[in-house]
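In: Everything below, folded, please.
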Amino acid sequence: MIRTESAVVATLPRMGTRWHPVVLAGACLLWLILTGISTSSLAAEDPELEDEGDTGDTIEESADMSSYEMDYIPADSLDMPAPTLPPTDIYNEEWVRQRLAERAHQGAPEVKVERMFKKFTLREFTAGKRAIEWTKRQLSHPKAIFVRSGTVTAKDILEAVNNPGFFEEESPGVFILRLPLVVERTATLVLDGSEVKTLKLSQDRGAFMEVHGKMFTLGTEMIAWNEEAQTNAAYKSSKEFRPFLTTWGGSELYMVKTRVLSFGYNQSKSYGITVTHYSEDENSILKQGGPQAWIMDSDFEDIYYGFYCYEAEGLVVIRNTYHHNVIYGIDPHDYSSHLLIADNVVYGTKKKHGIIVSRSVNDSWIFNNKSYDNAISGFVLDRSSERNVIANNLAYRNGGDGYTVYESNDNLFWSNVAFDNRKHGMRARNSSDIRLYGNRLFRNGGFGILGHVADLSETDRDFVMDPYTMDMSLVIHGGRYAMNGRGPFHAEHPKSVVLYDLDMRFPSGSMGLQLYGLFKPYQSTLLEALIRDAKAVKLQQSEDSNPIESGTES
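Out: Model prediction:
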């Protein structure tokens, strides 16, 4: 069981102020029990938070208490061991080079330049209007470099292509790719820093890389390059083509000590670094397993999506830095599972979140990451992402919440820290069985923890792909909740909330510690139970009453 120092700092009412007798009695009792440190010097006005179309910032001052029952539960029933986190030190350059020795394709390298169209491997990028992109940039019938078989290096490509208009070594160790490059299923591409210091991908000519086989990058850098300006292809518009790397079902991607700059734009599978499966119809023919990727000790800057995956399993994303990327830093998506996302630093994301998992990203580990100075939230679990462990992370100075959970049940938040976030330390919307153990949430603009339900029927949500229920339940066990602008915690229309062993020192308001909504009528009883008696308290909806109609939205 987590044990943290439990104390509440409360100020006595000023003379002449009229108080409800129950609240006054509770405040006096707490004053006698506790040391009583004045918070007048820490007083701050509750911030006026913007409503960005997301509910949860409007506080309900009271609740229909006839709908709820309060009870005490055995504290030891909440005990659980600390999660055993997967090891990360086994994933390193030595391990990658060993994999290269064991798994690289054998045989003589085979590299061909052929026309792009009517190639099954390039169907995603040559269908419909996308074909115009390559015609416009190549000023001829579009071609691509196909790495057919064997283990192939940059020197092998240079020798086989023998055309600087397609692939050129500009200076020792500095290469430029001027055509799309496809690594077929029977081939392995190796970009080793001992040979390739820098690989530039020409934005002007429409270069990108697509991998169906295996790709290793070790100690090198890859830059989307604007040849006309002789600089990296910095982000200007989501619609402007920029080179990208995409890997497909059955592929293996190994990136270690690699720098990637200015990849990706807003076109399907072209987001920057994309690890994706084939469609169900395609894979009924191809019968490939999910794509694999191990990305470690690398640096990603100015990428449209720093990392994106679709229907991937067992990916490893560790010890990387994702900074000043456009939409997201790290974004595992649709039906991915058993991911290991650890020890990453993510900051300065310009449009949205630092780290987000969305749409049934399940059974994964997100720990020891640092996410800060991002446009919205530091960490997000979204759209039925369940059974994940989020542990020992740090979120601060984000424009939204430190940690956000949207329509995702059965997740564990263990010993995380959030401070100086513009909205809440942690927020859970329409999410049940959210367990918050030993988290430290302080100096956030809203609440330390906010749980609420919301009706999303008027949004553009696809309720077939993303159903949800207007249910929410929390277990808040241990941890510290200090100086949050609106208080330590708040819940609107929950099915249940369990509270135990909470340190709620240093409230930011001049009136001392204040609870709202569901908790307001119980304030003195709750604080007495939590602080003086060290009891575990449960508030839950009465069996014969439900203040919010609950059901799947459609």
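In: and the strand ranked longest in the chain, what does it pack onto?
Out: Longest strand in the chain by number of residues (criterion: DSSP state E): strand 143-153. Applying 3 or more C-beta pairs under 8 Å, 6 or more residues apart in numbering; DSSP states H and E, one finds that strand 143-153 contacts strand 110-115, helix 154-161, strand 181-183, strand 187-192. (C-beta placed from N, C-alpha, C; glycine too.)
In: can you rerun that using 6 Å?
Out: Counting contacts by 3 or more C-beta pairs under 6 Å, 6 or more residues apart in numbering; DSSP states H and E, strand 143-153 packs against strand 110-115, strand 181-183, strand 187-192.
In: Can you lay out these as JSON lines showing distance to Phe241?
Out: Compiled in JSON lines, those are given as follows (distance: least, C-beta to C-beta, whole Å):
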{"stretch": "strand 110-115", "distance to Phe241": "20"}
{"stretch": "strand 181-183", "distance to Phe241": "16"}
{"stretch": "strand 187-192", "distance to Phe241": "22"}
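In: right, so the ones you listed: which one is the most enclosed?
Out: Most buried of the helices and strands packed on strand 143-153, by mean neighbour count (mean count of other C-beta atoms under 10 Å): strand 181-183, with a mean of 25.
In: ok, it: who's next to it in the sheet?
Out: When pairs are called by DSSP bridges, strand 181-183 turns out to pair with strand 143-153 (parallel), strand 209-211 (parallel).
In: quick one: low-confidence parts of the chain?
Out: Residue ranges of the chain with pLDDT under 70: 1-66, 506-512, 544-554.
In: Who are the contact partners of Gly289?
Out: Gly250 (C-beta atoms under 6 Å, 6 or more residues apart in numbering).
In: Now it: which helix or strand?
Out: Applying DSSP states H and E as the criterion places Gly289 outside every helix and strand.
In: Look up how far Ser251 lies from it.
Out: Noted for Gly289: a distance of 10 Å to Ser251, by C-beta to C-beta, to the nearest Å.
In: Name whatever forms a beta bridge with Gly451.
Out: With DSSP bridges as the rule, Gly451 is bridged to Ala428, Ala491.
In: Just to check, it is in contact with Ser473?
Out: No. With contact defined as C-beta atoms under 6 Å, Gly451 does not reach Ser473; the gap is 7.9 Å.
In: Quick check: neighbours shared by the two?
Out: With C-beta under 6 Å, 6+ apart, Gly451 and Ser473 have common neighbours Pro494.
In: between those two, which one's more packed in?
Out: More crowded of Gly451 and Ser473, by other C-beta atoms under 10 Å: Gly451, with 30 against 20.
In: Show the contacting residues for Glu110.
Out: Contact partners of Glu110, counting by C-beta under 6 Å, 6+ apart, are Arg148, Ser149, Gly150.
In: how many neighbours does the last one have?
Out: The burial metric for Gly150, expressed as a neighbour count using other C-beta under 10 Å, is 17.
In: neighbours around the residue lying closest to it once chain neighbours are set aside, how many?
Out: Using C-beta to C-beta, 6 or more residues apart in numbering and skipping residues adjacent in sequence, the residue nearest Gly150 is Pro109, 4.1 Å away. By the criterion of other C-beta under 10 Å, Pro109 has 20 neighbours.
In: Repeat that for Glu227.
Out: The burial count for Glu227: 14, using other C-beta under 10 Å.
In: My guess is it contacts Asp204. True?
Out: Yes. Assessed by C-beta under 6 Å, Glu227 is found in contact with Asp204 at 4.5 Å.
In: centre of the chain versus stretch 143-161, how much separation?
Out: 36 Å (C-alpha atoms, centre = their mean, to the nearest Å).
In: Likewise for stretch 401-421?
Out: Taking C-alpha atoms, centre = their mean, one finds stretch 401-421 lying 10 Å from the centre of the chain it belongs to.
In: Buried residues of that stretch, list them for me.
Out: Neighbour counts using 16 or more other C-beta atoms under 10 Å place 401-409, 411-419, 421 of stretch 401-421 among the buried residues.
In: Put the alpha carbons of that stretch into CSV.
Out: Taking C-alpha atoms only, stretch 401-421 is exported to CSV below (Å, rounded to 0.1, in the frame of the first residue of the first chain):
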residue,chain,number,x,y,z
ASP,A,401,-4.1,18.6,-19.0
GLY,A,402,-1.1,16.7,-17.7
TYR,A,403,-2.9,13.4,-18.3
THR,A,404,-6.2,12.9,-20.1
VAL,A,405,-8.4,9.8,-20.4
TYR,A,406,-11.3,9.9,-22.9
GLU,A,407,-13.7,7.0,-23.2
SER,A,408,-11.1,4.4,-22.1
ASN,A,409,-11.8,2.0,-19.2
ASP,A,410,-9.6,-0.1,-16.9
ASN,A,411,-6.3,1.8,-16.8
LEU,A,412,-3.8,2.2,-14.0
PHE,A,413,-2.0,5.5,-13.3
TRP,A,414,0.9,4.8,-10.8
SER,A,415,3.2,7.4,-9.3
ASN,A,416,3.0,10.0,-12.0
VAL,A,417,3.7,13.7,-11.6
ALA,A,418,1.9,16.7,-13.2
PHE,A,419,2.4,20.4,-12.4
ASP,A,420,1.9,23.8,-14.0
ASN,A,421,-0.4,22.4,-16.7
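In: returning to what we had before: closest to Trp95 out of the helices and strands packed on strand 143-153?
Out: Smallest distance to Trp95 across the helices and strands packed on strand 143-153 (C-beta to C-beta): 15.5 Å, for strand 187-192.
In: who touches whatever helix or strand comes next after the closest one?
Out: The first helix or strand that comes after strand 187-192 along the chain, using DSSP H and E, is strand 198-202. Contacts with strand 198-202, where a contact means C-beta under 6 Å, 6+ apart, come from 174-178, 207, 221-225, 227, 243.
In: now strand 198-202 against helix 154-161, angle please.
Out: 40 degrees (axes from the mean of the first three to the mean of the last three C-alpha atoms, to 10 degrees).
In: and strand 198-202, how far from the chain's centre?
Out: Relative to the mean C-alpha coordinate of its chain, strand 198-202 is positioned 29 Å out (C-alpha atoms, centre = their mean).
In: mind listing what it pairs with, with the direction of each?
Out: strand 174-177 (parallel), strand 221-226 (parallel).
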